[in-house]
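**Q** Next come a sequence and a model predicted from it.
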Amino acid sequence: MKVCGNYKESNRVTLYNGDCLELLKSLPNESVDLVVTSPPYCMGKAYEDPHDDIETFKKQHINIFNELYRVVKKGGSVCWQVGYHVSDKCVVPLDYIIYNIFTSMSDKLDSPFVLRNRIIWTFGHGLNSTNRFSGRHETIMWFTKGKQTIFNLDEVRVPQKYPGKRSYKGPNKGQLSGNPLGKNPSDIWDIPNVKAKHIEKTDHPCQFPVAIPQRLIKALTTPNGLVLDPFMGSGTTGVAAIVENRRFVGAEIQKEYYNISVNRLNEAVNGNAKIREDKPVAKPNKNSAVAKLPEEFERARGKLS
């Protein structure tokens, strides 16, 4: 595996430990097929500057936009996963900010960024709030640079809930109504987040599951295409790219997380990637001890009724 900041088209993997802007400047014009990333939210996480705020988030994206736009191919895709900037004052939806920056800064360019989907990633577990409803989703903004060129729907179809359903009228009456390969996964993705004993868990505190970039890579690129993650964290996007036979280039400024990504990418190249299969979330076993309602909870709920 090639682990360096000097990108070459022949590299299967190029990793850069430093500011993503420096990596972007080293990439050729229109060399990237797909960008998949989740940037820092600038709200005091362990890997962030404690002085960062929502204005920092805006400035970071404005500063990298021109180079990001330059390296993406015409017709290529950019997928930006964000949640909310949460402070003691308010909650700010970061997808709104990304949309404004990406569309306004590309509006006058030859091939402006066009929003194709606003995908909602929902997950069942996370931190529980006491003064607002607990957050259980984030957003993936899928843009294309100008006219869309690739969408491999058959690569990402999911099982139908009722595969035996048949048309009840029209020329296909009585025939199976669904696609034999499955259905479109829609713009709401129920994928477990990476917590506790998740097989993909590393020491990175805000790691997203491989299944997210894996779906995007299969749908929006072809084999040997180049996938970029400018904020690669623990290397999740890179793992998905290697598993799907694509090339990968990524940057991570924190040495600790960069080292994790190097190890994970080496495992992926050697065929030993630890990933959860992208499959529907299983319902809990009703006979499991942790799925049964404890007597204490039953008594407490009885008092509320």
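**A** It's in.

**Q** which residues in the chain form helices?
**A** 20-26, 54-71, 94-106, 211-220, 236-243, 255-269, 295-304 (DSSP state H).

**Q** I'd like those laid out as JSON lines, including mean pLDDT, mean neighbour count and distance to Thr144.
**A** Placement of C-beta: from N, CA and C, glycine included. Supplementary listing: these in JSON lines, determined by pLDDT from 0 to 100; neighbours: other Cβ atoms under 10 Å; distance: least, Cβ to Cβ, whole Å:
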{"stretch": "helix 20-26", "mean pLDDT": "96", "mean neighbour count": "18", "distance to Thr144": "19"}
{"stretch": "helix 54-71", "mean pLDDT": "96", "mean neighbour count": "17", "distance to Thr144": "12"}
{"stretch": "helix 94-106", "mean pLDDT": "97", "mean neighbour count": "17", "distance to Thr144": "11"}
{"stretch": "helix 211-220", "mean pLDDT": "97", "mean neighbour count": "24", "distance to Thr144": "9"}
{"stretch": "helix 236-243", "mean pLDDT": "96", "mean neighbour count": "28", "distance to Thr144": "18"}
{"stretch": "helix 255-269", "mean pLDDT": "94", "mean neighbour count": "19", "distance to Thr144": "27"}
{"stretch": "helix 295-304", "mean pLDDT": "74", "mean neighbour count": "8", "distance to Thr144": "48"}
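
**Q** Could you save the ones you listed as CSV and add columns showing distance to Gly135?
**A** Compiled in CSV, the helices of the chain are given as follows (distance: least, Cβ to Cβ, whole Å):
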stretch, distance to Gly135
helix 20-26, 26
helix 54-71, 17
helix 94-106, 12
helix 211-220, 17
helix 236-243, 20
helix 255-269, 23
helix 295-304, 23
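
**Q** show me the contacts for Val78.
**A** Val78 makes contact with Leu34, Val35, Leu68, Val72, Phe102, Phe113, Met141, Trp142, Phe143, Thr144, Lys145, according to Cβ atoms under 8 Å, 6 or more residues apart in numbering.

**Q** Same check on Ser177?
**A** Contacts for Ser177 (Cβ under 8 Å, 6+ apart) come out as Lys165, Arg166, Ser167.

**Q** Recalculate using a threshold of 10 Å.
**A** Contact partners of Ser177, counting by Cβ atoms under 10 Å, 6 or more residues apart in numbering, are Gln160, Tyr162, Pro163, Gly164, Lys165, Arg166, Ser167, Tyr168, Gly170.

**Q** ok now do the second one, which residues does it touch?
**A** Same thing as Tyr162. Taking Cβ under 10 Å, 6+ apart, we find Tyr162 in contact with Ser177, Gly178, Lys183.

**Q** Hmm, Asp154 and the last one touching each other?
**A** No. Between Lys183 and Asp154 there is no contact, the gap being 11.1 Å when judged by Cβ atoms under 10 Å.

**Q** More neighbours: which of those two?
**A** Comparing Lys183 with Asp154 by other Cβ atoms under 10 Å, the one with more neighbours is Lys183, at 15 against 11.

**Q** Tell me what that one is bridged to.
**A** Val158 (DSSP bridges).
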